[in-house]
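Undergrad: Sequence first, then the predicted structure, then my questions.
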Amino acid sequence: MAFLPLPSLPRSFAAIPRPQKCRSPRMTTASPSAPVKVAILGASGYTGAELLRILAQHPRAQITTLTAERSAGKTIGQVYPQFSYGLFASHLPVLEKTTDVQKWTERADVVFCCLPHATTQNIIASLPLDDGLRVVDLSADFRLRDVEQYHQWYGGEHQAQQLQKEAVYGITELFRDQVRTARLVANPGCYPTSAQLPLIPLLREKLILPQDIIIDAKSGTSGAGRSPKVGTLFCEVADGISAYGVARHRHTPEIEQGLSEAYGSPIRVSFTPHLMPMSRGILATIYVKLAPGCDAKTLRQCLQRAYQSEHFVHVLDEGLPPPQTRHVRGSNNCVIAVVDDAVPGRAILVSCIDNVVKGASGQAVQNMNVMMGLPESMGLENQPMFP
Ligand SMILES: NC(=O)C1=CN([C@@H]2O[C@H](COP(=O)(O)OP(=O)(O)OC[C@H]3O[C@@H](n4cnc5c(N)ncnc54)[C@H](OP(=O)(O)O)[C@@H]3O)[C@@H](O)[C@H]2O)C=CC1
Ligand SMILES: CC(=O)N[C@@H](CCC(=O)OP(=O)(O)O)C(=O)O
């Protein structure tokens, strides 16, 4: 987070990309060395808290607004004691109500929206996007472009259908050019990030068949958010593992949308999420059918080519043990392994992320960096926490 004096200006900051349809971009009037003013809506939730942890180390971000619902009026240190110490804490504003839009948008260049699904679309529709405000939405409200599909999976009419069509889907490595000029980025879901990073390059190059893709994924309980629910109580989660949303999880259409666009025709997948007795992490084990003439080596080489210049996506060499959640914990990394299945004609991909970092707040900051013309890895250099 920015406490003056600010570090020297990154070269790329001189040419901040213009958002689409922007009438008066806020940052063009600011000095190039000015901090990027950030509002976090839903700061008292897990993804909001993770944004705070990341932005505390971001040299250009200045947090000007934090909002909450039940916790409005409190300091963030009263909600999360870890944020009550030191210089960082003394610069943080008190949590205010999200609904006071006029008041807080005047103090923001970028808004991170960490609110529950369905609540988000009304809030975002009321924001002055035409005035240059840039938004990264962490909820699912703007991820599905098809209005009918949204209705089918989330229920209710979408309240901002134009923005739903306009929003750019923000897996940064795969859609960087669109993210750069977007007014509204739909930050992907955690499971969809873990599945699409390995699958999309393979489907673009048609190295795997579009049929019979099976995604078996396991998540830590922070994925369910901080609001109390029976399903995430200690006794329900500890000492066991459970499948949930079997054959009907709302991330299925999100994954299918990305894979279908990559392949050029509709793809259906079998996707089963599981809840694990751990706080963070996603491990996705993905079973695919190889296109004629391909093997695990062909797939690995394709992924290594696709991600060779990327800071956060790492494709393991042959023979290395598959990634574990503890290898990415607290980092913005996605680590991928590719192996030949014992069954001829099939391969197995193992993909690992931290659900609240690359699966949510880390990717959101990565998108903000791209949108604001900052170095993409700024604030995201954290190494994984192990043990
Ligand atoms: N957790 C994860 O791993 C991921 C989550 N997401 C998505 O990001 C969003 C935030 O998730 P997460 O942080 O886990 O959720 P939490 O439940 O932990 O936090 C929700 C936040 O929204 C606020 N809030 C709740 N109801 C309302 C309301 N009616 N109006 C305004 N604010 C409200 C809460 O305030 P208060 O606490 O004060 O009531 C809290 O700050 C969700 O849409 C989620 O699906 C996306 C990817 C991964
Ligand atoms: C463990 C757990 O409950 N996970 C959440 C997914 C969290 C996430 O990435 O995404 P959304 O933004 O789409 O909520 C779930 O299954 O609904």
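TA: Thanks, I have the structure now. Ligands and ions are numbered 1, 2, ... in the order given.
Undergrad: all helices for this structure, in order.
TA: Secondary structure of the chain (DSSP state H): helices at 46-55, 76-79, 86-90, 101-105, 119-125, 147-154, 161-166, 172-181, 190-204, 234-237, 251-263, 296-306, 362-371.
Undergrad: now, of the ones you listed, which is deepest in the fold?
TA: Neighbour counts (mean count of other CB atoms under 10 Å) averaged over each of these peak at helix 362-371, with a mean of 28. Placement of C-beta: from N, CA and C, glycine included.
Undergrad: chain center to that one: distance?
TA: Its chain's C-alpha centre and that of helix 362-371 lie 9 Å apart, by CA atoms, centre = their mean, to the nearest Å.
Undergrad: Please renumber the chain so that the first residue is 36 from this point on.
TA: All set: I'll call the first residue 36, so the last point we hit is now helix 397-406.
Undergrad: outside of that helix, which residues touch it?
TA: Residues outside helix 397-406 that contact it (CB atoms under 8 Å, 6 or more residues apart in numbering): 52, 54, 71, 73, 82, 85-86, 89-90, 93, 96, 145, 147, 169, 171, 173, 205-207, 211, 214-215, 217, 220, 222-223, 228, 347, 366-367, 389, 391-392, 409-415.
Undergrad: For the helices of the chain, give me JSON lines that also has mean pLDDT.
TA: Output for those, formatted as JSON lines (pLDDT from 0 to 100):
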{"stretch": "helix 81-90", "mean pLDDT": "97"}
{"stretch": "helix 111-114", "mean pLDDT": "95"}
{"stretch": "helix 121-125", "mean pLDDT": "81"}
{"stretch": "helix 136-140", "mean pLDDT": "84"}
{"stretch": "helix 154-160", "mean pLDDT": "94"}
{"stretch": "helix 182-189", "mean pLDDT": "94"}
{"stretch": "helix 196-201", "mean pLDDT": "95"}
{"stretch": "helix 207-216", "mean pLDDT": "98"}
{"stretch": "helix 225-239", "mean pLDDT": "98"}
{"stretch": "helix 269-272", "mean pLDDT": "96"}
{"stretch": "helix 286-298", "mean pLDDT": "98"}
{"stretch": "helix 331-341", "mean pLDDT": "98"}
{"stretch": "helix 397-406", "mean pLDDT": "98"}
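Undergrad: For ligand 2, which of these is the nearest?
TA: helix 225-239 (3.3 Å; CB to the nearest ligand atom).
Undergrad: Can you tell me how far the one residue in the chain that gets nearest to ligand 1 is from Arg169?
TA: The nearest approach of the chain to ligand 1 comes at Gly80, 1.9 Å away (CB to the nearest ligand atom). As judged by CB to CB, to the nearest Å, Gly80 and Arg169 stand 21 Å apart.
Undergrad: low pLDDT regions in the stretch 36-185 of the chain?
TA: Applying pLDDT under 70 to the stretch 36-185 of the chain flags the ranges 36-67.
Undergrad: What is the burial count for Leu242?
TA: Leu242 is flanked by 20 other residues according to other CB atoms under 10 Å.
Undergrad: And the pLDDT at the closest residue to it other than its chain neighbours?
TA: Leaving aside its sequence neighbours, Leu242 sits nearest to Cys329 (CB to CB, 6 or more residues apart in numbering; 4.9 Å). pLDDT for Cys329: 98.
Undergrad: I'd say Cys329 and Lys241 touch.
TA: No. Applying CB atoms under 8 Å as the test, Cys329 and Lys241 come out as separate, 9.2 Å apart.
Undergrad: of the two, who's got more company?
TA: More crowded of Cys329 and Lys241, by other CB under 10 Å: Cys329, with 20 against 13.
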